[in-house]
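Student: following is a predicted model, sequence given first.
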Amino acid sequence: MELNDFNAVRDALRELGLKQGFELGDEEAINKFNDEVPFDSRWICYYADDWNEKLEERLHDFFENMRDYQDTMAKEDIKSASHSFLLAVICAGSLRSFFESIEKDMDKLLAGEHQTTDFQWPQFDNE
């Protein structure tokens, strides 16, 4: 598998989930699981989504708001510029959230928190 986009990353995480005994793409099962565990143990990402599309939308919104900010600053419309800048900040937070969600699910997979199989990561010596 060539990892050159975020859908390939999503698929790699789903594959690892299968090795650990669960299907991250089964939204019904994941929702049921998430209802039964503490909030910080829940799966965050939506594995049925198109991750490339989600990232593209968030990047588009960020750049659009930054362009609006630049345009309104050039016109010295400070009120509109501050509004556009605030929206860009919100979009930056959305981008951060996108990557943090992936990181949190990857941490769960690395720790094997919810696995139901005998899959084991190799143990490394502290040398």
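Tutor: Everything's here; your move.

Student: so what touches stretch 52-66?
Tutor: The set of residues external to stretch 52-66 that reach it, using CB atoms under 8 Å, 6 or more residues apart in numbering, is Asp5, Phe6, Asn7, Ser84, Phe85, Leu87, Ala88, Cys91, Ala92, Ser94, Leu95, Phe98. For glycine as for every other residue, the C-beta is placed from the backbone atoms N, C-alpha and C.

Student: what about 6 Å?
Tutor: Asp5, Phe6, Asn7, Ser84, Leu87, Ala88, Cys91, Ser94, Leu95 (CB atoms under 6 Å, 6 or more residues apart in numbering).

Student: and the host helix or strand of Phe62, how far from the chain's centre?
Tutor: Here Phe62, judged by DSSP states H and E, is contained in helix 51-74. On the basis of CA atoms, centre = their mean, to the nearest Å, helix 51-74 sits 18 Å off its chain's mean C-alpha point.

Student: got the angle for the next helix or strand after it vs helix 51-74?
Tutor: The first helix or strand that comes after helix 51-74 along the chain, using DSSP H and E, is helix 78-111. For helix 78-111 against helix 51-74, the angle by axes from the mean of the first three to the mean of the last three CA atoms, to 10 degrees is 160 degrees.

Student: average pLDDT across helix 78-111?
Tutor: Per-residue pLDDT over helix 78-111 has a mean of 96.

Student: chain center to it, what's the gap?
Tutor: Worked out by CA atoms, centre = their mean, helix 78-111 lies 9 Å from the chain centre.

Student: check what pLDDT Glu127 gets.
Tutor: 57.

Student: mind giving me the ChimeraX select for the contacts of stretch 52-66, buried ones only?
Tutor: To isolate the buried ones among the contacts of stretch 52-66 in ChimeraX, judged by 16 or more other CB atoms under 10 Å, type:
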select :6,7,84,87,88,91
